[in-house]
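Q: Below are the sequence and a predicted model for it; my questions follow.
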Amino acid sequence: MIGYVTLGTNDLQKSAEFYDALLGELGAKRVMDEETFIAWNARPGQPAISVIKPNDGNAATVGNGVMVAIACDSPAAVDKIYKKALELGGACEGPSGDRGGGFYAGYFRDLDGNKLNAFCMTGEA
């Protein structure tokens, strides 16, 4: 299973501020904070999200078709994360709402253009 996901950034400070505020909504805190790498986790042993300045020194770029999904426990939590991402300067990629099959999600991009979503399963297929 997934242990962590790493997203490239060209501005570690701005990215850190974005994710501190966004993931803080879910109770996540920094668990690693290095010169070129920061990771957040809500609970020990659970998957983490991290940002990094690319090791090769080249600019970070967005992967086409790559997306990170942030698990939430309710549609209200999805709405909260989606709205917070936009408040922090993220871009809408699809407003939060029911996507069918009991899947509720909101899609957005972070400040570097990385695509993410907040989602939950509602049990309503």
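A: Looks like it arrived, so ask away.

Q: Okay, and the beta partners of Ile52?
A: As for beta bridges, Ile52 partners with Gly8, Phe37 under DSSP bridges.

Q: pretty sure it contacts Thr6?
A: Yes. Under the criterion of C-beta atoms under 8 Å, Ile52 is in contact with Thr6, at a separation of 5.4 Å. Just so you know, the C-beta spots here come from the backbone N, C-alpha and C atoms, and that holds for glycine as well.

Q: Give me the common contacts of these two.
A: The contact sets of Ile52 and Thr6 overlap at Phe37 (C-beta atoms under 8 Å, 6 or more residues apart in numbering).

Q: the more surrounded of these two?
A: Comparing Ile52 with Thr6 by neighbour count (other C-beta atoms under 10 Å), the higher total belongs to Ile52, at 17 against 13.

Q: what's the more buried one in contact with, if anything?
A: Thr6, Leu7, Gly8, Thr9, Thr36, Phe37, Ile38, Ala60.

Q: Can you add pLDDT and give those back as a markdown table?
A: Putting those into a markdown table (pLDDT from 0 to 100) gives the following:
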| residue | pLDDT |
| --- | --- |
| Thr6 | 95 |
| Leu7 | 96 |
| Gly8 | 95 |
| Thr9 | 96 |
| Thr36 | 93 |
| Phe37 | 94 |
| Ile38 | 97 |
| Ala60 | 94 |
